[in-house]
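Participant: Only the shape, not the letters, is given here:
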């Protein structure tokens with residue numbers, strides 16, 4: 001009887017620790033792996049980074065230049081269930097990792113007007129100083145892009161090898177899953 005009571009005590013302790021770890025990784029911070037070279041030279045393929053989830057939890061806007069984790073499926077609404085089921089803890093149980101989570105840099109915030117000309121990015125008429133980019137950007141367009149309310153515009157640091165807001169459009173704030181802290 002004593003052995004059974006001790007066994008259930010351990011099970012309860014492990015269960016509480018698991019729930020606590022899950023809540024921290026959903027709402028506070030979590031590690032994630034960079035997949036691909038779109039953030040070179042800042043981040044390398046398969047590099048592990050740590051993200052703060054506070055922005056997402058509070059539905060706050062990231063700052064210019066922040067490296068953020070986004071859900072690229074902007075054509076669908078995110079729910080709290082997504083935050084739990086897409087959590088890395090569930091990959092321990094064999095859940096397939098989707099490639100819809102992207103690591104990008106914030107270039108524009110709501111109301112900003114972005115232009116891409118002369119191999120450079122202009123925000124509200126001012127050329128951005130971007131020492132973090134890998135090489136001159138080959139993308140240009142005559143179109144001016146205005147970032148809508150409740151959205152951000154993101155790009156990879158490897159501008160010539162990045163799928164980002166130039167491809168899928170502005171990102172709803174609720175699709176910003178966190179901000180890189182390490």
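Facilitator: Looks like it came in fine. It should be emphasised that the depicted structure is a prediction, and the values quoted were computed from it without experimental measurement.
Participant: Just name whatever secondary elements the host helix or strand of residue 8 is in contact with.
Facilitator: Here residue 8 is covered by helix 2-27, with elements defined by DSSP states H and E. Applying 3 or more CB pairs under 8 Å, 6 or more residues apart in numbering; DSSP states H and E, one finds that helix 2-27 contacts helix 80-85. C-beta: built from backbone N, CA, C; applies to glycine.
Participant: got the contact list for the next helix-or-strand element following the helix it packs on?
Facilitator: Per DSSP H and E, the first helix or strand lying C-terminal to helix 80-85 is strand 101-108. Residues from elsewhere that reach strand 101-108 (CB atoms under 8 Å, 6 or more residues apart in numbering): 32, 34, 38-39, 42-43, 49, 62-72, 86, 114, 121, 123, 128, 132, 145, 147, 152-157, 162-165, 170, 177, 180.
Participant: What about these, which are in helices?
Facilitator: In helices, defined here by DSSP state H, the members of those are residue 165.
Participant: Pull out the buried members of the contacts of strand 101-108.
Facilitator: 32, 34, 38-39, 42-43, 49, 62, 66-72, 86, 114, 121, 123, 145, 147, 152-157, 162, 164-165, 170, 177, 180 (16 or more other CB atoms under 10 Å).
Participant: Since that was my last question, I'll sign off now.
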